[in-house]
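> Could you work out the structure for the sequence below:
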Amino acid sequence: MENITDKVVIITGASSGLGEVAARHLAERGAKLVLGARRLERLQKLADDIKQSGGQAVAVACDVARREDVEQLAQTALQTFGRIDVLVNNAGIMPMAPLAALKVEEWDKMIDVNVKGVLYGIAAVLPTMQAQKSGHIINLSSVAGLKVSGGVGTVYSATKFAVKAIGEGLRMETAADNIRVTTLYPGAVESELKFGSSDETAGAAMQAFYEANEIPADSVARAVAYAIEQPADVAVNEITIRPTRQEF
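Prediction:
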């Protein structure tokens with residue numbers, strides 16, 4: 001765990017779920033956290049908890065669908081800690097519904113958060129990491145980014161396939177800059193994502209599926225730490241993590 005100590009780690013979507021648990025997990029291992037999310041009150045409580053436990057953390061209101069917010073998040077990291085070592089592009093939404101339900105506004109929001117939010121995060125930190133000749137970008141995709149979640153999750157899958165493509169392209173483009181890129185593909189993991197659907201039938205199905213299969217959020221937090229703690233010349237590019245009992 002020595003490779004985590006004192007690393008400056010930005011986490012988006014840090015006010016709950018995977019982001020919150022990852023923040024606590026990394027703080028225990030000595031990381032310096034810059035936490036971004038829309039719900040500033042919850043985020044500030046997390047930062048206060050970390051500091052009361054002897055860690056270092058700062059909270060920044062951030063909607064990843066707004067590029068200026070993500071740029072401010074990165075600037076806060078530089079102003080507070082002087083560098084950026086890791087970005088965890090965690091923020092995401094999952095409003096599942098069949099295409100025929102025509103939830104077009106939700107399609108737009110998924111693209112804004114799940115795809116453009118990841119790109120805005122990369123844009124905010126990449127120049128700093130290239131100047132440092134070091135860095136690590138961790139993007140959260142999903143098992144739905146490996147196999148289309150047909151019937152209720154086609155658009156969600158499309159956004160998560162996009163994250164997979166962005167991660168692989170980024171890896172190839174930044175190899176010469178000594179920047180590591182990791183894409184995580186979680187299955188059913190405890191988070192608020194399962195409550196994101198406005199479609200009654202799809203929402204009930206997703207909640208039942210998660211209740212029957214989900215594993216704790218710290219399962220993903222440990223995977224994030226595993227990727228970060230590797231020696232600087234070792235990149236763990238992809239990690240798929242799902243409940244043992246989850247078939248797809």
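
> Dead centre of this protein: give me the residue that sits there.
Nearest to the centroid of the C-alpha atoms of the chain, with distances taken as CA atoms, centre = their mean, sits residue 90, at 1.3 Å.

> average pLDDT across the strand ranked longest in the chain?
Ranked by residue count, the top strand of the chain under DSSP state E comes out as strand 179-186. Along strand 179-186, the predicted confidence averages to a pLDDT of 98.

> roughly how far out does it sit from the chain middle?
Its chain's C-alpha centre lies 10 Å from the corresponding centre of strand 179-186 when counted by CA atoms, centre = their mean, to the nearest Å.

> same question, stretch 4-24
Here the centre of stretch 4-24 is set off from its chain's centre by 9 Å, with CA atoms, centre = their mean.

> hang on, the earlier thing: which helices and strands sit right next to the longest strand of the chain?
The contact analysis (3 or more CB pairs under 8 Å, 6 or more residues apart in numbering; DSSP states H and E) places strand 179-186 against helix 117-132, strand 135-140, helix 154-174, helix 218-229, strand 238-241. All C-beta spots, glycine's among them, are computed from the backbone N, C-alpha and C.

> could I get those as TSV with mean neighbour count, distance to residue 80 and mean pLDDT?
Compiled in TSV, the helices and strands packed on strand 179-186 are given as follows (neighbours: other CB atoms under 10 Å; distance: least, CB to CB, whole Å; pLDDT from 0 to 100):
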stretch	mean neighbour count	distance to residue 80	mean pLDDT
helix 117-132	20	13	98
strand 135-140	25	17	98
helix 154-174	19	24	97
helix 218-229	20	19	97
strand 238-241	16	29	97
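
> Serialize these to a markdown table and add fields for distance to residue 187.
Below are the helices and strands packed on strand 179-186 laid out as a markdown table (distance: least, CB to CB, whole Å):
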| stretch | distance to residue 187 |
| --- | --- |
| helix 117-132 | 19 |
| strand 135-140 | 12 |
| helix 154-174 | 12 |
| helix 218-229 | 9 |
| strand 238-241 | 7 |
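
> quick one: which of those is nearest residue 199?
Each of the helices and strands packed on strand 179-186 was scored for nearness to residue 199 using CB to CB, and the closest is helix 154-174 (11.8 Å).

> helices or strands up against that closest one?
Packed against helix 154-174, as judged by 3+ CB pairs under 8 Å, 6+ apart, are the following elements: helix 104-110, helix 117-132, strand 135-140, strand 179-186.

> just so I know, which of those lies nearest residue 64?
helix 117-132 (3.2 Å).

> sorry, back to before: may I have the longest strand of the chain exported as PDB, CA atoms only?
Taking C-alpha atoms only, strand 179-186 is exported to PDB below (Å, rounded to 0.1, in the frame of the first residue of the first chain):
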ATOM      1  CA  ILE A 179       0.200   7.700 -17.700                       C
ATOM      2  CA  ARG A 180      -1.600   4.600 -16.600                       C
ATOM      3  CA  VAL A 181      -5.300   4.000 -17.600                       C
ATOM      4  CA  THR A 182      -7.600   1.600 -15.900                       C
ATOM      5  CA  THR A 183     -11.200   0.700 -16.900                       C
ATOM      6  CA  LEU A 184     -13.400  -1.000 -14.200                       C
ATOM      7  CA  TYR A 185     -16.400  -3.100 -15.200                       C
ATOM      8  CA  PRO A 186     -18.500  -3.600 -12.100                       C
END
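
> between it and helix 154-174, how many degrees?
When axes from the mean of the first three to the mean of the last three CA atoms, to 10 degrees is applied, the directions of strand 179-186 and helix 154-174 differ by 160 degrees.

> List the buried residues in stretch 202-220.
The neighbour-count check on stretch 202-220 (16 or more other CB atoms under 10 Å) flags 202, 203, 206, 210, 213, 214, 215, 217, 218, 219, 220 as buried.
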